[in-house]
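[1] sequence plus predicted model, see below.
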Amino acid sequence: MARIGSEIKKSAVTKANEEYLLSALTRLKAEGHTVKLGGGKDAIEKHRKRGKLFVRDRIEKLIDPGSKFLEVGLFTAYGMYQEYGGAPSSGTVFGVGKIHGRDVVVVANDATVKAGAWFPMTCKKNLRAQEIAIENRLPIVYLVDSAGVFLPLQSEIFPDKEHFGRIFRNNAIMSSMGITQIAAIMGPCVAGGAYLPIMSDEAMIVDKTGSVFLAGSHLVKAAIGEEIDNESLGGATVHCEISGVTDHKMKDDEECLAKIRSIISKLGERQKAGFDRTEPKPPAFSPKEMYGLMPSDRAKPYDMYQVLARILDDSELEEYKEGYGRTIITGYGRVDGWAVGIVANQRQVVKTKEGEMQVGGVIYSDSADKAARFIMNCNQKLIPLVFIQDVAGFMVGSRAEQGGIIKDGAKMVNAVANSVVPKFTFIVGNSYGAGNYAMCGKAYDPRLIYAWPTAQIAVMGGKQASETLLSIKVQAMERGGQHISQEQQAQLLKEIQERYDAELDPLFAASRLWVDGIIDPVETREILSRGITMASHNPDIPKFNPGVIQT
């Protein structure tokens, strides 16, 4: 394989780029620190006084000492539900941790956020956790401490296909697939939520703090007039010694977490997927140099080969169709020893057929054709795919339409949709329009999808969208008899741009789980390696069928 990339000379441009990206990271880390406090320091202290560990302390004690928890959805519900006081991280912490060296999905309610109540985004986040466990055949642990559905929003969480009931349906499906599910009732577990731990393979309950029942004492009194307290109704003694609903009675959180670790330690090994891995090698160039590569002015070009040179082992890439379709880079490489197929947009100054210079990041017919063929090759060779997104969309205009851009774009989308090998997506810059789809956006089932602080996800770029929205608004106002001056148009454009720019912020995407999180670019290699390791636990990879792909 050929080594790509070169040394980066420090300059005023690279320094400005570095300062811009590091500033964005500093902001994200500060926001993340606040989110990790859940309901706040006072709420955490009250929680501990009840003899309970804070949710993040529970997870830390559950996973192997010194291991790193791959959190998914830290910023879920960020800026949402403000009329109800907000719901940091949607009141749930989830990710993948190592327990006795084994990858395990962990989902834990944060009782300091509205008593662990379920918001609509909490449900979406829990479904994502189950999706990761199913796709990768990973055991899953539920640390339950929840007051149930957040009633003011019950209509948005209860009856639909992707609502609360889907969680229990997945419990049943996962059980039939042989995916181990372990539940620990460490606080309230109420109403329909009671099915989640009891539909797990093994359930434990913490004495005096854990409780599980279909209806609490107040509702029981209202419904049938019976006077009873919650502990007598559904505490640990009741369910471990009388009803038999739970399997283990634990004296406190620490003993409960130790029991889960003990169970996980005895799980048998299953067949692996067989992805190729060799001795890992670091990139030939420092990953930290990526800070200076990404332009602070997103209209400016940069060389994606230089980025890849700081992600791939030994900075080596065996390129596929190197001289063809040059706004997409395709090729084989390794990350932490794992063989991968790279599909990356190239936002570089390129020459068109007419000899003009144009900033890339646009998918042309030849690029789409090349990418589709490469994706099919990776499926035949059982090589996981990595998509590095910085895409403005597909090329438009009469020449592109006459050249069959829709046909070639559909070919690429078809290949991505039907791909059976694990896919991983990193959005490093723009992710606009159908380019998001063709480059394996969230709708195309990447095993993991993370954004850099420089990411933007939207139907189109801010400038184009704002001007289009302004034109529509002005036309509507003028049809109503209003005359709009240039000054008024400028003010309207400013308001539209500010609103649209807020939606382009990667936090907006992360809050809605369009991405699994926002990461430091330096973490890309680690997360990708972790993702392929997770994916290797699922050997059930169906035969690739590309469907109808016109050649």
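    Here it is on my side, so go on. As the structure is a computational prediction, the values presented were derived from the model and not from experiment. Numbers count the residues shown, from 1 in each chain.

[2] mind listing the helices for the stretch 451-551 of the chain?
    462-479, 486-504, 506-511, 524-535 (DSSP state H, counting those that start in this stretch).

[3] contacts for the last one?
    When contacts are taken as Cβ atoms under 8 Å, 6 or more residues apart in numbering, the neighbours of helix 524-535 outside the stretch itself are 70, 96, 103, 132, 135-136, 138, 273, 275, 280, 283, 287, 311, 335-338, 340, 384, 386, 422, 424, 426, 447-448, 450, 452, 519. In this view, the C-beta of every residue, glycine as well, is placed from N, C-alpha and C.

[4] same deal with the shortest one?
    With Cβ under 8 Å, 6+ apart as the test, helix 506-511 has contacts from 28, 31, 73-80, 121, 427, 451-457, 502, 515, 517-518.

[5] ChimeraX command to pick out the buried ones of the contacts of helix 524-535?
    Buried members of the contacts of helix 524-535, defined by 16 or more other Cβ atoms under 10 Å, are picked up in ChimeraX with:
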select :70,96,103,132,135,136,138,273,275,283,287,311,335,336,338,340,384,386,422,424,426,447,448,450,452,519
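
[6] mind checking which of the contacts of helix 524-535 land in helices?
    Using DSSP state H, the subset of those located in helices is 132, 135-136.

[7] include pLDDT and distance to N436 when you put these into a markdown table, please.
    Shown next, in a markdown table, are the ones in helices among the contacts of helix 524-535 (pLDDT from 0 to 100; distance: Cβ to Cβ, whole Å):
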| residue | pLDDT | distance to N436 |
| --- | --- | --- |
| I132 | 98 | 21 |
| E135 | 97 | 20 |
| N136 | 98 | 23 |
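
[8] tell me where the model's unsure across this protein.
    Scanning the chain for pLDDT under 70 picks out the ranges 192, 349-360, 461-462, 465-466, 548-551.

[9] show which residue of it lies farthest from the average position.
    No residue in the chain sits farther from the centre than G481, which is 47.2 Å out by Cα atoms, centre = their mean.

[10] nearest to S11, of the helices of the stretch 451-551 of the chain?
    helix 524-535 (23.6 Å; Cβ to Cβ).

[11] helices of the stretch 51-200 of the chain, residue ranges please.
    55-62, 120-136, 165-176, 195-198.

[12] okay, these in CSV with distance to Q154 next?
    Below are the helices of the stretch 51-200 of the chain laid out as CSV (distance: least, Cβ to Cβ, whole Å):
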stretch, distance to Q154
helix 55-62, 24
helix 120-136, 10
helix 165-176, 13
helix 195-198, 17
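
[13] of those helices, which is nearest D408?
    helix 120-136 (29.0 Å).

[14] mind listing what's buried in the closest one?
    120-130, 132-136.

[15] now do the strands in the stretch 151-300 of the chain.
    Secondary structure of the stretch 151-300 of the chain (DSSP state E, counting those that start in this stretch): strands at 181-190, 202-206, 211-213, 248-250.

[16] so which of the ones you listed is nearest N418?
    Across the strands of the stretch 151-300 of the chain, closest to N418 is strand 181-190 (Cβ to Cβ), at 29.9 Å.

[17] which strands or helices does that closest one pack on?
    strand 140-146, helix 165-176, helix 195-198, strand 202-206, strand 211-213, helix 253-265 (3 or more Cβ pairs under 8 Å, 6 or more residues apart in numbering; DSSP states H and E).

[18] which of those sits closest to L470?
    Between the helices and strands packed on strand 181-190, helix 165-176 lies closest to L470; by Cβ to Cβ that is 40.4 Å.

[19] buried ones in the closest one, by neighbour count?
    Buried residues in helix 165-176, counted by 16+ other Cβ under 10 Å: 165-168, 170-171, 174.

[20] next: stretch 96-105.
    Buried residues in stretch 96-105, counting neighbours by 16+ other Cβ under 10 Å, are found at 96-99, 103-105.

[21] picking that back up, quick one: closest of the helices of the stretch 51-200 of the chain to E254.
    Closest among the helices of the stretch 51-200 of the chain, using Cβ to Cβ: helix 55-62, at 6.7 Å.

[22] what's in contact with the closest one?
    If you take Cβ under 8 Å, 6+ apart as the criterion, helix 55-62 is touched by 36, 38, 53, 69, 93, 95, 97, 99, 106, 108-112, 141, 143, 145, 186, 253-254, 257, 260-261.

[23] at 7 Å instead, please
    Defining contact as Cβ atoms under 7 Å, 6 or more residues apart in numbering, one finds that helix 55-62 is touched by 36, 38, 69, 93, 97, 99, 106, 108-110, 143, 253-254, 257, 260-261.

[24] please pick the buried ones from those.
    Buried among these by 16+ other Cβ under 10 Å: 36, 38, 69, 93, 97, 99, 106, 108-110, 143, 253, 257, 260-261.

[25] can you tell me which of those is nearest A215?
    Nearest to A215 among the buried ones among the contacts of helix 55-62, with distances taken as Cβ to Cβ, is N109, at 19.3 Å.
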